[in-house]
Structures are given as structure tokens and as C-alpha cells.
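Asks: Here is a sequence together with a model predicted from it:
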Amino acid sequence: MKPAVILQLALMMFLEYFVWCAWYVTMSTYMSVHLQANGVQIGSAYSALAIATMISPFFVGMIADRFFAAEKLMGVLHLVGGLVLFLTPQITNTLVFYWVILLYSLLYMPTIALSNTVAFSQMSDPGKQFPFIRVFGTIGWIAAGALVGNLGIETTSITFYIAAGASVLLGLFSFMLPKTQPKAREASGVSAAKALGTEAFVLFKDRSYVIFFIAAILVCIPLSFYYGFANLFLNDAGMHNAAGKMILGQISEGLFILAIPLLFNRIGVKNMLLLGMAAWILRYICFAYGDSGTGLWMLYAGIVLHGICYDFFFVTGYMYTEKKAGENIKNAAQGMFTFATYGLGMFIGTWFSGFVAEHYTVNHAYSWKPIWMVPVYIAAAVLVYFVLFFRESKTTK
């Protein structure tokens, strides 16, 4: 790739994930302060992205990829999305807020796949070139978290305005990205089933993969507790600049992902996944017993453990899925895994975490220790289930 193209794609990825982080991480805190939202309402708002994740494969696979240039469609979606984000702080009703967040999520989630399409279309060796480009997305997420945290605006509506501005900027910039030809002429027989990745259902004939697949959906429940309530909890616990401190989780994610290629073949898939699940248990124990005084180190530990929690389970899971699928159905398999985890799993998890948070609310105050112990028990149960039933074949070591 030419240096100019590399710079364009890097900036695209940076802004794509900057937009997401700027409003998403602190939404629970904003809803609690400005909308007096309860746990169920916060959980339902976070479920909007899960719903959009389940719908976007149909949109991208059946419509966007076939009939529109990816960069132009991404530009339109970000421009409209920026307008929606700009208007969001004007809403004072939690039910209306939910529908607006769902609308925005339906606009935003397809742009992740579209941005990947734009990037891949310019690459001669995606396996080597894409990770370098994608890492700028992580840098964008870190930058947004640092900005929101250091400005001390995580309880204010300014986060939505920052995200709106970045979305409009990316929308305009998208029209200057390298052209990506729509696939209408070369695509044939594209159906809803193919867009969803049902070709990969053949993997369910493999008992070990079925055990893993169920575990992956269940682990999304503890994951949902973190995404939905960690920022609100850290602010309640008295942590200064909580949003800024939470970027340590993304830094940890970036560092631990480097260890995965080495460990994947050395210790095997099962041990990698077990380490990830054990990290979820340890993380939420740290949150349950940590505080902003002598237990401050436990709050930091809970944040930093995000790298092991996410990378050792979900990134390893994507690698395991690809290895099981093989060349012919690997794209369908990854689509199916994403639908099941970030779609179905997160949908269940966000709603469940909301009901748990509301159940342990006394006089409009959250009882955080019992709230965090719920994902501890769930992660422990999944770990035991996985130990008992998963058998790693020699071919996936």
C-alpha cells in the first residue's frame, strides 16, 4: 500500500473507534445522573448495540456490499449518526432515549464491517497489513477515553457532542477514502442465511466446538456487566478520572494480544480459554472488594485484567473458530460467532445485568458488592462446565 493510503486507513480506524468510545463507556453514568435511570433502563440501553449487531450482517451482506460503494455508504451513515448523537442530549425520557440509542446503533454497527471492507480492499496481504491498520482503532478508543476522563466530562452531555463531531468528521472524510467497488456483479445467491453465516452450522457436528460455542455465549453475560456498569461503579466508588483510568484496559488488551500467537500453540486452546474465564472471576472479585481507599489497587487490577479477560477468551475464540472452520467457511464461521456473542450473548447479558443491578438497588443506591458477585458466580459456573465437558482435539493444539 502507498503511504497516503496507509495514513487514510489509519485515520479512518482511529475515528471509527473514537466515536464509539466517546459516548458508549460513560453512557451508564450519564443516564444515572441526567435521566435518573434505573438498572433495567441502563441495561436495555446497552442492549441496543447487541440488537444492531444481530441485524447489521443482513444489511451489510445483502445490501451494502452488493449495491453501494462501502466508503460512500459509511460516510452517509456517519453523517446521519452524528446528527442523532447531537440530538441525543435533548432527550429527557428514558424510553425515548432507548429508541434513539437503538436508532444510532443501527446506523453505527454496519460501519464497523464497512470500514473493514474499505481496508481489506486496499491490501495485498491482509494477514500482515490489517493488524497494523486495526491497531489505530484501539488507539482511537484510548484517545477518546483519555479525553473524556481528563476533561472531567463523563457525567455530562458533552460526551455525545464530542462523539457527534467526530462522527460528522469521519462521515465527510469517508468520501475521500479509496474507492471500494460494490460486489453486485460478482455476488450471486446471497441470502439472509448466508449473510448470517449459517453455512458454518456444520461446525455444530463437532462436540468440542458446541461446548465452546455455548460457553462463549454465556461468558458474554459477565462481559455485559463490565461494559454496562463499570464506569458508573468506578465513579460511585470515588475513583478520580474513571473514564481515563479505564483506558488501561485497552492498553492491557493491546499488550496481551501480542502473547496469543505464542501461547495458542504452546499451551493449547483449552488452557487459553480457561485463563480467560479465570480472569473474569478474579476481575469481579476485585471490583466486589475494592474501594478508592486501601482497596484502590483492586479497582486498578479489575481494569487491567480486561486484557486477559477479552483476549484470552474472545480473540482466542475467533482463532479457534477459524481453525475449526477451515478456508471454505471461515468468513461464515466468524460471522456466526460474532452474531452469537456480540449479538445474542450481549443481548441476554445486557438485559440480565440491568435486572441484577436493579435488584440490588436500595434507596436509589447500588449495592455493588452483591452486583459484582453475580458475574463471579456465572463465570465460575462456565469455567466448571468447560473443564468438565470440553475436550481439546490434538489438531487444535
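Replies: Received, thanks. No experiment lies behind these values; they were computed from the predicted model shown.
Asks: didn't Met373 look like it was pressed against Cys286?
Replies: No. The criterion here is C-beta atoms under 8 Å, and Met373 misses it with Cys286 at 11.7 Å. Placement of C-beta: from N, CA and C, glycine included.
Asks: neighbour count winner among these two?
Replies: Cys286 (20 against 17; other C-beta atoms under 10 Å).
Asks: Measure how far the helix or strand hosting the more buried one is from the centre of its chain, please.
Replies: For Cys286, the host element (DSSP states H and E) is helix 268-289. Distance, stretch centre to chain centre, for helix 268-289: 18 Å (C-alpha atoms, centre = their mean, to the nearest Å).
Asks: counting contacts, what elements does that helix pack onto?
Replies: In terms of contacts (3 or more C-beta pairs under 8 Å, 6 or more residues apart in numbering; DSSP states H and E), helix 268-289 is packed against helix 207-236, helix 260-266, helix 296-304, helix 306-310, helix 316-325, helix 368-389.
Asks: most neighbours per residue, which of those?
Replies: helix 306-310 (a mean of 24; mean count of other C-beta atoms under 10 Å).
Asks: wait, doesn't Gln129 sit right on Met1?
Replies: Yes. If you go by C-beta under 8 Å, Gln129 and Met1 touch, sitting 6.6 Å apart.
Asks: Can you pull the residues that touch both of these two?
Replies: Overlap of the contact sets of Gln129 and Met1 (by C-beta atoms under 8 Å, 6 or more residues apart in numbering) consists of Met123.
Asks: how close does the closest residue to Arg134 other than its chain neighbours sit to Ala230?
Replies: Using C-beta to C-beta, 6 or more residues apart in numbering and skipping the chain neighbours, the partner closest in space to Arg134 is Met13 (6.1 Å). Plainly put, Met13 is 24 Å away from Ala230 if you go by C-beta to C-beta, to the nearest Å.
Asks: Same question for Phe312.
Replies: From Phe312 to Ala230 the distance is 19 Å (C-beta to C-beta).
Asks: Likewise for Glu154?
Replies: From Glu154 to Ala230 the distance is 12 Å (C-beta to C-beta).
Asks: Val376 now?
Replies: Val376 is 14 Å from Ala230, by C-beta to C-beta.
Asks: any low-confidence regions in the stretch 151-300 of the chain?
Replies: 182-198 (pLDDT under 70).
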